[in-house]
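Asks: Could you work out the structure for the sequence below:
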Amino acid sequence: MRVSAKVETIDRDIVLRLVGDDADRSRQFAAYAREALVEAQEVNRRATGQVPTHETFVDGRRGAALETVKPDGTIVFEFDLLNDLFEWIGLTLMQHSPVLSGRYQESHLFFADGVEVEPGATLPEAQEYSFVNAQPYARKIERGQSPMAPDGVYEAVATLASRRFSNVARVRFGYRSLPAGSIGDWAKTTNMRASQNSRNRPGDKRFEWLTRQPAVVITLR
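Replies: Residues are numbered from 1 along each chain as shown. Model (predicted):
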């Protein structure tokens, strides 16, 4: 799936100003499109700190040469911004992770509507994407109980990502339940008590509370 920002270079006033035969007008249109592309790349670079990848569509044809555009046709540059956002968050979580055994750093998982997405897999369409850590002690780290991450990890990264990619998506810190793996095993055996008595009663509500993990949550604007 591609969630992208499109830069439509077609402008009827531009078309009317093109001169010469069809071949000349197509070349002029292509030159104008290249200028628009450079401007769009610079806007994205200033906004996100990098130039995102893009695909070109000329009169609806993916990857066609710009000069093949019809004088009254369209050229669209489609920037893939969402993958850049996810890559940046994943890398920044790694960089901010406290490292002792390495398990916490290696346990950042990525989900689309609560379903784990394996690294390198095609990005599915979803209402919500999230990064969640699979280690039971992730909540302690988030509370600043690791000397290597006194300000936590997930909330800090969510704040940085929100500032950097505010034009792409809504990024926020939250908690998401992760009932599988070591989190689920721990939740089934722990005697940890909550300040709210309702959460201490056996059942789904208590299990959901015990398996809630710090998360970076991303929704599309």
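
Asks: Which elements pack onto the host helix or strand of Thr219?
Replies: Assigned by DSSP states H and E, Thr219 falls within strand 212-220. Strand 212-220 is packed against helix 82-96, strand 129-133, helix 138-142, helix 154-164, strand 169-177, with contacts defined by 3 or more CB pairs under 8 Å, 6 or more residues apart in numbering; DSSP states H and E. For the C-beta atoms, the positions are set from N, CA and C on the backbone; glycine is no exception.

Asks: what's the closest non-adjacent residue to Glu128?
Replies: On the basis of CB to CB, 6 or more residues apart in numbering, the spatially nearest residue to Glu128 that is not a chain neighbour turns out to be Thr219, at 5.4 Å.

Asks: Quick one: residues contacting the one you found.
Replies: Gln127, Glu128, Tyr129, Ala169, Arg170 (CB atoms under 8 Å, 6 or more residues apart in numbering).

Asks: what bridges to the fourth one?
Replies: Spelled out, that is Ala169. Note on Ala169: beta-bridge partners by DSSP bridges are Leu220.

Asks: distance of it from Glu128?
Replies: 10 Å (CB to CB, to the nearest Å).

Asks: Give the intersection of the neighbour lists for those two.
Replies: The contact lists of Ala169 and Glu128 share Ile218, Thr219, where a contact means CB under 8 Å, 6+ apart.

Asks: These two: which is more packed in?
Replies: Ala169 (20 against 16; other CB atoms under 10 Å).

Asks: On the pLDDT front, check that one for me.
Replies: pLDDT for Ala169: 87.

Asks: Hmm, Leu85 and it touching each other?
Replies: Yes. Using CB atoms under 8 Å, Ala169 is in contact with Leu85, at 6.1 Å.

Asks: Identify the contacts common to these two.
Replies: Going by CB under 8 Å, 6+ apart, residues that sit against Ala169 and also against Leu85 are Ile218.

Asks: where are the low-confidence patches of the protein?
Replies: 1-20, 44, 47-49, 179-182, 184-204, 221 (pLDDT under 70).

Asks: for it, what spans make up the strands?
Replies: For the chain, the strands defined by DSSP state E cover 4-8, 54-58, 61-62, 75-80, 108-112, 115-116, 129-133, 169-177, 212-220.

Asks: Could you tell me the angle between the last one and helix 82-96?
Replies: Here strand 212-220 runs at 150 degrees with respect to helix 82-96, directions being taken by axes from the mean of the first three to the mean of the last three CA atoms, to 10 degrees.

Asks: Which neighbouring elements make contact with the biggest helix by length in the chain?
Replies: In the chain, with assignment by DSSP state H, the single longest helix is helix 22-48. Contacts defined by 3+ CB pairs under 8 Å, 6+ apart place helix 22-48 against strand 4-8, helix 12-17, strand 75-80, helix 82-96.

Asks: Which stretch among the helices and strands packed on strand 212-220 is buried most, on average?
Replies: strand 129-133 (a mean of 24; mean count of other CB atoms under 10 Å).

Asks: Give me the helices and strands touching that one, please.
Replies: Using 3+ CB pairs under 8 Å, 6+ apart: strand 129-133 touches helix 82-96, strand 108-112, strand 169-177, strand 212-220.

Asks: coming back round to it: in CSV, list the helices and strands packed on strand 212-220 along with distance to Ile75.
Replies: Shown next, in CSV, are the helices and strands packed on strand 212-220 (distance: least, CB to CB, whole Å):
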stretch, distance to Ile75
helix 82-96, 22
strand 129-133, 30
helix 138-142, 46
helix 154-164, 28
strand 169-177, 26
